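Trainee: Just a sequence and a predicted model for now, questions to come.
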Amino acid sequence: MSRYVVIGAGAVGATLAAELHLAGLSTVLVARGAHLAALREGLRYLRPDGEQRVAVPAAAADEVELGPEDVLVLATKAQDAEAALADWAWRPVGDRTAAEVLPVVTLQNGLEAERVALRRFATVYGAVAWSPSAYVTAGEIEAPGAPAAGVVWLGRYPAGTDARAAAIVADLEKARHLAEAVPDITRWKAGKLPGIIGNALDALYPPSPLRERAVAALRDELRAVYARAGVDAANLVGETALDLGRFGTQPIPGRPPTGRSTWQSLRRGAPPETDFLNGEIALLARLHGAEAPRNAAVQARLQRAVGAGTEVGSLDDADLRAVLPDLDVLVDAAGLAAELDGPNPPVLLDVRWALGDPHGRAHHAEGHLPGAVYVDLDTELAGHGEPTDGRHPLPEVADLQAAARRWGVRADRPVVAYDASGGLAAARAWWLLRWAGHPDVRLLDGGLAAWTAAQGPLETGEVVPEPGDVVLDGGHLPVLDADEAAELARTGLLLDARAGERYRGEVEPVDPRAGHIPGARSAPTGDNLDPDGRFRRDLRARFAAFGEGEIGVYCGSGVTAAHQVAALASVGVSAALFPGSWSAWSNDPARPVATGPEPDSGR
């Protein structure tokens, strides 16, 4: 009969060892430190049906003598797998070594442990473990999984099943686990990662709608990286033959629910496995010429928190916004679809407008996102004034509030604006509502094209929503007047968001004079977008190339400059808008004009 040597006595390992022992299967649990000392007196095993002391044999690593019938079960954290495998691989088993004659089962999250194991062990079984168990206190495991204690999918690595896999699965079933042998374990390991990619956020931040949005954003990025890397991830729930209705969680009397594995590590002051979760996605992206800025940012934030001794759940939404600034600016089509089906769906604003195209309302009537209200940029997102105020001066706050209420905007509901031009018009609504104090306004990344590409439904006709109750004021985003724009061009970075030929003064189709504000740098808004009309993933590098300093933005009339402000905000950079922009500047004959490709060139 096999003996299971469970290496690592954390939540998963200790639960598995306890259940194997209770099922009458020979088991030894390898632990260390205070946890081992407590386990020698018996594991305090807390289940929904009560507490028991489980006398599973516990030992230090150097106390275990291996035999030919042993099965090594590696239950350490992913970051500890390499060292543990190196330690156990070359231990003697008779006149040979463990790596030559014993199988090892790898239970680690992520995609690395099996490859590391196969470098040494001839026989490796990868395993995906679903376990709600928690290890916070030495000698104690909370195991709320019921009626099954956990779920395990297991297969030969890199592929296949065999008689030994079937025997291990049979023993796991005896040990109150749902278990299944699968022939393509790598797919199943990849399939678990989307469900745990938010573990770092669970550890750092209390529950909030923003945290939910952040987890969804991490998953979206993961899927994009998988597609780029050619990773075919299994749908664990959809593909399994197991009856998952037999697995769930139930409360343990007298114990509040705990967090996930990273939460537990942070609580115990132990190193987390984030480098093999979010870090795995960052690695795949780098290997395959992609980017994963969200997962990389979360990986780095968690490690900084560990270094600072941050307590679990002690950070707030403001910190999360600083880590993932694009969450305050962008939502993709899949994320928007999920929010529209959720308990607090966003108000949708259709801001189709383009210079020389006065038919935005007709375009909206021909097809729009379900429930989206048409917003007229010229009359509702702009005021009217003197030529030196520009073509699209800011509306009066009272007028903007009245319009927003007509659109159905409420303070307690998010807003998502879109258009058919990559957000170049919709960003005006994003900027104005944020400037006026609405706390949750975003752009649909890729606009209408991204929605239809994702097979999102469209409706036709006019939309008249129930009036909203939002209360707006001004001043929540920074603005510049002409004098301040001129000063910033000298002391900081003033970005001209118009096309390059207008900046250089080669053409000017609308305004009185051609050229740019002296000292301004050319940064065309169109360069914020990829060929699909989505925000580029390398915007941070794009804007960093302009240098450092306080940033202001202008365009022709303050519309596409808002898109530039949004692009900067999506990478965590604040910028002030010059609402009057070139249309105001060029109407004032006292203002100097520069032409040519250089900031200070021309007349």
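Mentor: That came through, no problem.
Trainee: element containing the residue nearest to the spatial centre of the chain?
Mentor: Taking C-alpha atoms, centre = their mean, the centroid of the chain lies closest to Leu218, which sits 2.1 Å from it. Assigned by DSSP states H and E, Leu218 belongs to helix 209-229.
Trainee: Return the alpha-carbon coordinates of that helix using PDB.
Mentor: Written as PDB, here are the backbone C-alpha positions of helix 209-229 (Å, rounded to 0.1, in the frame of the first residue of the first chain):
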ATOM      1  CA  PRO A 209     -17.300  47.400  -6.500                       C
ATOM      2  CA  LEU A 210     -13.900  48.700  -7.600                       C
ATOM      3  CA  ARG A 211     -12.100  45.600  -6.400                       C
ATOM      4  CA  GLU A 212     -14.600  43.500  -8.300                       C
ATOM      5  CA  ARG A 213     -13.900  45.600 -11.400                       C
ATOM      6  CA  ALA A 214     -10.100  45.200 -10.800                       C
ATOM      7  CA  VAL A 215     -10.400  41.400 -10.600                       C
ATOM      8  CA  ALA A 216     -12.400  41.400 -13.900                       C
ATOM      9  CA  ALA A 217      -9.700  43.500 -15.500                       C
ATOM     10  CA  LEU A 218      -6.900  41.200 -14.400                       C
ATOM     11  CA  ARG A 219      -8.900  38.300 -15.900                       C
ATOM     12  CA  ASP A 220      -9.400  40.100 -19.100                       C
ATOM     13  CA  GLU A 221      -5.700  40.800 -19.400                       C
ATOM     14  CA  LEU A 222      -4.900  37.100 -18.500                       C
ATOM     15  CA  ARG A 223      -7.200  35.900 -21.300                       C
ATOM     16  CA  ALA A 224      -5.500  38.300 -23.800                       C
ATOM     17  CA  VAL A 225      -2.100  37.000 -22.800                       C
ATOM     18  CA  TYR A 226      -3.200  33.400 -23.000                       C
ATOM     19  CA  ALA A 227      -4.400  34.000 -26.600                       C
ATOM     20  CA  ARG A 228      -1.100  35.700 -27.500                       C
ATOM     21  CA  ALA A 229       0.900  32.800 -25.900                       C
END
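Trainee: continuing past it, what's the next helix or strand?
Mentor: helix 236-239.
Trainee: So what's the gap between that next one and the chain middle?
Mentor: Put simply, helix 236-239 sits 22 Å off its chain's centre (C-alpha atoms, centre = their mean, to the nearest Å).
Trainee: buried sites along it?
Mentor: Leu236 (16 or more other C-beta atoms under 10 Å). C-beta coordinates here come from the backbone N, C-alpha and C atoms, glycine included.
Trainee: The helix or strand just after that helix - contacts with which helices or strands?
Mentor: Counting by DSSP H and E, the element after helix 236-239 in chain order, helix or strand, is strand 247-249. The contact analysis (3 or more C-beta pairs under 8 Å, 6 or more residues apart in numbering; DSSP states H and E) places strand 247-249 against strand 145-147.
Trainee: Residues contacting the next helix or strand after the strand it packs on, please?
Mentor: As assigned by DSSP H and E, the chain's next helix or strand after strand 145-147 is strand 150-156. Under the criterion C-beta atoms under 8 Å, 6 or more residues apart in numbering, residues 12, 15-16, 19, 105, 107, 123-133, 161-162, 165, 168-169, 172, 177-185, 188, 236, 240, 242, 244, 247 lie in contact with strand 150-156.
Trainee: Is there a quick PyMOL command that grabs whichever of those are buried?
Mentor: Only the buried entries of the contacts of strand 150-156 go into this PyMOL selection, using 16+ other C-beta under 10 Å:
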select buried, resi 12+15+16+19+105+107+123+124+125+126+127+128+129+130+131+132+133+161+165+168+169+172+177+178+179+180+181+182+184+185+188+236+240+242+247
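Trainee: Let me see the contact set for Leu29.
Mentor: Leu29 neighbours (C-beta under 8 Å, 6+ apart): Val6, Ala9, Gly13, Ala14, Ala17, Leu39, Leu43, Val56, Pro57, Ala58, Ala59.
Trainee: count of residues packed around the third one?
Mentor: What it means is Gly13. Using other C-beta atoms under 10 Å, Gly13 is surrounded by 26 other residues.
Trainee: That one contacts Val5, doesn't it?
Mentor: No: counting by C-beta atoms under 8 Å, Gly13 does not reach Val5; the two are 10.6 Å apart.
Trainee: Identify the contacts common to those two.
Mentor: Val73.
Trainee: low-scoring stretches of this structure, by residue?
Mentor: 601-603 (pLDDT under 70).
Trainee: For His346, give its distance to Leu266.
Mentor: Rather than His, residue 346 is Pro. 32 Å (C-beta to C-beta, to the nearest Å).
Trainee: Start from the N-terminal end of the stretch 1-150 of the chain and give the helices.
Mentor: Using DSSP state H, counting those that start in this stretch, the helices of the stretch 1-150 of the chain run over 11-22, 33-39, 81-89, 98-101, 113-118.
Trainee: Turn these into JSON lines, including distance to Val231.
Mentor: Shown next, in JSON lines, are these (distance: least, C-beta to C-beta, whole Å):
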{"stretch": "helix 11-22", "distance to Val231": "24"}
{"stretch": "helix 33-39", "distance to Val231": "35"}
{"stretch": "helix 81-89", "distance to Val231": "20"}
{"stretch": "helix 98-101", "distance to Val231": "28"}
{"stretch": "helix 113-118", "distance to Val231": "14"}
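Trainee: Nearest to Glu212 among those would be which one?
Mentor: Among these, the nearest to Glu212 by C-beta to C-beta is helix 11-22 (24.0 Å).
Trainee: Now Arg255: closest residue in space, sequence neighbours ignored.
Mentor: Among residues not flanking Arg255 along the chain, Glu142 sits closest, at 5.9 Å (C-beta to C-beta, 6 or more residues apart in numbering).
Trainee: beta partners for the one you found?
Mentor: Leu46, Ala134 (DSSP bridges).
Trainee: Quick one: neighbours of it, just the number.
Mentor: Neighbours of Glu142 using other C-beta under 10 Å come to 23.
Trainee: and what of Pro207?
Mentor: Count around Pro207 with other C-beta under 10 Å applied: 10.
Trainee: Name the SS class of it, please.
Mentor: coil (DSSP: H, G, I helix; E, B strand; the rest coil).
Trainee: Check the secondary structure at Val464 for me.
Mentor: Assignment for Val464 (three-state DSSP): coil.
Trainee: Contact partners for Arg187?
Mentor: Asp232, Ala233, Ala234.
Trainee: where's it relative to Ala575, distance?
Mentor: 44 Å.
Trainee: between Pro346 and Leu266, who's got more neighbours?
Mentor: Leu266 (26 against 21).
Trainee: Might you report the residue contacts of the more buried one?
Mentor: Applying C-beta under 8 Å, 6+ apart, the residues contacting Leu266 are Ala203, Leu204, Pro272, Ala305, Val306, Thr310, Glu311, Val312.
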